[in-house]
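Student: 3D, please:
(2 chains, ligands or ions: 2)
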Amino acid sequence: MAQALNQALREAMDEDDAVLVLGEDVGVDGGVFRVTEGLLDRFGAERAIDTPLAESAIVGVSIGMAAHGLRPVCEIQFSGFSYLAMQQLEGHAARLRWRSRGRFSASLVMRMPYGGGVRALEHHSESKEVYFAHTPGLKVVAPSGPRNARALLRAAIRDPDPVVFLEPKRIYRAFREEVPDDDEPMALGESQTRREGNDLTLISWGAMLQPTLKAAEQLAEEGTEAEVIDLLSLSPLDDTRLADSARRTGRVVIVHEAHRSYGPGAEVIARLVEKAFWYLEAPIARVTGYDTQVPFFARETDYLPDVARIVTSAHQVLEA
Amino acid sequence: MPREEIDLSCKVEYLSILDEDGHLDEALAPDVSDEQLEQMHRVMLLARRFDERMLNLQRQGRIGTFAPVSGQEAAQVGVMAALQAQDWFVPSFREFAASIWRGTPLKALLLYNAGYNEGAAIAEDAHDLPIAIPVATQIPHAVGLAYAARYRDTDAVALVFFGDGATSEGDFHEAMNFASVFETPTLFVCQNNQWAISIPREDQTHSKTLAQKALAYGMPGIQVDGNDLLAVLAAAREAVERARSGRGPTLIECVTYRLSVHTTADDPSRYRSDEEVEEWERREPLRRLQRYLKERGILDDDGIEALESEISEEIDQAWQETEQAMQELDEPLDIFAHNYAELPRTLREQREEMASRLGEGGGGLSNGQTDHGAGAQPGPARGDGRG
Ligand SMILES: Cc1ncc(C[n+]2csc(CCOP(=O)(O)OP(=O)(O)O)c2C)c(N)n1
Ligand SMILES: [Mg+2]
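Tutor: Ligands and ions are numbered 1, 2, ... in the order given. Sure, this is the predicted structure:
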């Protein structure tokens, strides 16, 4: 996936000289996950900018660039350090269009690795999608593999509004996937059905999609056909697809590694209650991280949802 | 006269006492006993060997990512030696030498880096804050601690470590300004190790020195040879004395070098040359100190050899104990520990759900687990694994 993201950046920069990347260690080092590798050589230091160590300035400067018509793609080295830029993001990026009555817009992408599963140090494993998805004016997306990573990033860069682009670091190098040259950029705000089924709907995104798909396979062996929806976009949320599926299956399990309370699952459930309540045959279940700090890595797997937890939860929903 | 120079009476000194060729400036040398020198040398050597062992363990997959200290031992130990136990120590993430000086057991450091929260436990009487990974965010804490220490009529000072990269963050500037405005007894110690991952010092800031950043806030700043234990010690003593006597904060820039990787996830060959590293190897602090100790007749080769094997055993022993402890730390429910003084009901329910999923009654922590202040908790004493 790191390679696919790199390709998307290269293509976008080739196509449009308004696109540039900036962030800590994105130039010479090619990014700590190598997502910006080779961009400095290809486009020069003016378009692949190694910045001083300051997240608020990285986002703030990106906003200025965007106001001037550029399309900056800024990298925050880990999502756990994005909070230093929260004022810029919430107070300016998300509002520039609104505050200028449409004169300006912060057409920037804020890329950042997020989520657990790589045995990292503290602050390197959290999934706090909702901090961003709760903010009007921002779009929030998370790819789940190389192919949609490239298509989503291309779309995010073209988008006229600020996009928070969450990269599940656990799958940067987890698996390979064919990325056809002629893939079009994806529309932001649309989910995808990754597996069809009529017995149960499993909803997930990012790195959790893999265990969710495995759980679906396991359920299939037991004779339960689960539909699996890959959210891809947390904001806007494609609740039409979610509600359509829920109406068909009547049973839903949401899987996310974010904390449980006020997590993204809560919003998904609310939408389903609003749009598909009379079709539900069982309470909607959530398989999530706990409402604790993400533990240091020795106990990370105790925190993160896994196939067994998803299957157990599916059984409960099926039996209800 | 519409345009004239404002007299800022600014100056930034550079201090070097024991230079890279082993020359000592007698006039500037701090008063330090043989025992103190031996003690400082021991911790520096231990930190270096510990670093090497951790690197091995990491490469074997036994512990996780960490940030090696090699090359920065003098910058840490020289400062710590100027403090007293009651003074506050606010670390960043590379302060292994400083932590060892402070008495943190090797086993705790190992456990932390093996991914166990137990390794983060802090002894009840220690005036140490936890490791801080978000760059520069710990700096304001040292202003708050210093303010509180004065408010409570202790004569403790607060010391905070951070890197050259950290001086680009807002928290650094905001904390410096607060400290100066409130005249808090704070020591700001910048370990300028020339690199912030792949960003060289000169691309981090166009200031000639980092020390001069103090001047903008109206506080003294000094640059020292950070590989010179005696210079670091002398500058730190002066700053501690200034802080303790109510004359406010100081910024010390220790000019040093990160001899190793940024962290074990980093590949420095992408951004710096071997020649540069070799150049700094010549100035590294440990050998320089050893040469001086030999000249002063405090240590000889046999003494160093004996110390080396003693240290090697100490590290072996610590790793053995850590491995042992890790086998006993199989309690997944520990993830619910220390999140709140009292576990809210929602969390108790989540904990119960996890316990029943694991098919057990709940392990060592009771549902009504409380955490009123450090130590009132059935958690581990520092480095002792689970209580
Ligand atoms: C707020 C924040 N941004 C980014 C990072 C990732 N990161 C970890 S260390 C580091 C460089 C720090 O450089 P410096 O302050 O010079 O300290 P050094 O690592 O050299 O000791 C970066 C960018 C972080 N930990 N925190
Ligand atoms: Mg540095």
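Student: which SS class is the closest residue to ligand 2 within chain A?
Tutor: Nearest residue of chain A to ligand 2 (Cβ to the ion) works out as A:L53 at 9.0 Å. Yep, even glycine has a C-beta here, placed from its N, CA and C like the rest. Following DSSP: H, G, I helix; E, B strand; the rest coil, the label given to A:L53 is coil.
Student: count of neighbours near the nearest residue to it once chain neighbours are set aside?
Tutor: Among residues not flanking A:L53 along the chain, B:G165 sits closest, at 4.0 Å (Cβ to Cβ, 6 or more residues apart in numbering or on different chains). Using other Cβ atoms under 10 Å in any protein chain shown, B:G165 has 25 other residues around it.
Student: Which helix in chain B has the most residues?
Tutor: helix B:301-328 (DSSP state H).
Student: Extract the CA atoms of whichever helix or strand comes after that one and return them as PDB.
Tutor: Counting by DSSP states H and E, the next helix or strand C-terminal to helix B:301-328 is helix B:345-357. Provided in PDB are the C-alpha atoms of helix B:345-357 (Å, rounded to 0.1, in the frame of the first residue of the first chain):
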ATOM      1  CA  ARG B 345     -19.000   1.400  35.300                       C
ATOM      2  CA  THR B 346     -18.700   1.200  31.500                       C
ATOM      3  CA  LEU B 347     -15.100   0.200  31.900                       C
ATOM      4  CA  ARG B 348     -15.800  -2.300  34.600                       C
ATOM      5  CA  GLU B 349     -18.300  -3.900  32.200                       C
ATOM      6  CA  GLN B 350     -15.800  -3.900  29.400                       C
ATOM      7  CA  ARG B 351     -13.300  -5.500  31.700                       C
ATOM      8  CA  GLU B 352     -15.800  -8.100  32.700                       C
ATOM      9  CA  GLU B 353     -16.600  -8.800  29.100                       C
ATOM     10  CA  MET B 354     -12.900  -9.300  28.400                       C
ATOM     11  CA  ALA B 355     -12.500 -11.500  31.500                       C
ATOM     12  CA  SER B 356     -15.300 -13.800  30.500                       C
ATOM     13  CA  ARG B 357     -14.100 -13.900  26.900                       C
END
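Student: Let me know the average pLDDT across helix B:345-357.
Tutor: Model confidence over helix B:345-357 averages 95 on the pLDDT scale.
Student: B:L286: what secondary structure?
Tutor: helix.
Student: doesn't B:A196 make contact with B:D266?
Tutor: No - the pair B:D266 and B:A196 fails to qualify as a contact (Cβ atoms under 8 Å) at a distance of 11.3 Å.
Student: contacting residues around the nearest residue to B:L129 once chain neighbours are set aside?
Tutor: Ranked by Cβ to Cβ, 6+ apart and with sequence neighbours excluded, the top spatial neighbour of B:L129 is B:V90, at 4.7 Å. In this structure, B:V90 makes contact with B:L129, B:A132, B:Q138, B:I139, B:H141, B:A142, B:L145, B:A158, B:L159, B:V160, B:F161, judged by Cβ atoms under 8 Å, 6 or more residues apart in numbering or on different chains.
Student: now do A:A45
Tutor: A:G27.
Student: Please report how far the nearest residue to B:Q72 once chain neighbours are set aside lies from ligand 2.
Tutor: Counting by Cβ to Cβ, 6+ apart, B:Q72 lies nearest to B:T256, which is 5.0 Å off, once chain neighbours are set aside. Distance of B:T256 to ligand 2, computed by Cβ to the ion, to the nearest Å: 9 Å.
Student: B:V224 contacts B:L18, doesn't it?
Tutor: No - using Cβ under 8 Å, B:V224 makes no contact with B:L18, being 11.3 Å away.
Student: quick one on the thing from earlier: tell me how many other residues surround the residue nearest to B:Q72.
Tutor: If we define neighbours as other Cβ under 10 Å, then B:T256 has 28 of them.
Student: go on, B:T346?
Tutor: Number of residues near B:T346 (other Cβ under 10 Å) recorded here: 12.
Student: just B:Q327 next, same as before
Tutor: The local packing of B:Q327 (other Cβ under 10 Å) involves 9 other residues.
Student: Model confidence for it, exactly?
Tutor: 93.
Student: any idea how far it is from ligand 1?
Tutor: Counting by Cβ to the nearest ligand atom, to the nearest Å, the separation of B:Q327 from ligand 1 is 31 Å.
Student: returning to what we had before: quick one: contacts for the residue nearest to B:Q72?
Tutor: Here B:T256 is in contact with B:G71, B:Q72, B:A74, B:A75, B:Q191, B:N192, B:N193, B:Q194, B:G226, B:N227, B:P285 (Cβ under 8 Å, 6+ apart).
Student: Just the contacts of B:V90: which are in strands?
Tutor: Members of the contacts of B:V90 lying in strands (criterion: DSSP state E): B:A158, B:L159, B:V160, B:F161.
Student: rewinding a little: distance of the residue nearest to B:Q72 relative to B:F50?
Tutor: For B:T256, the distance to B:F50 equals 18 Å [Cβ to Cβ, to the nearest Å].
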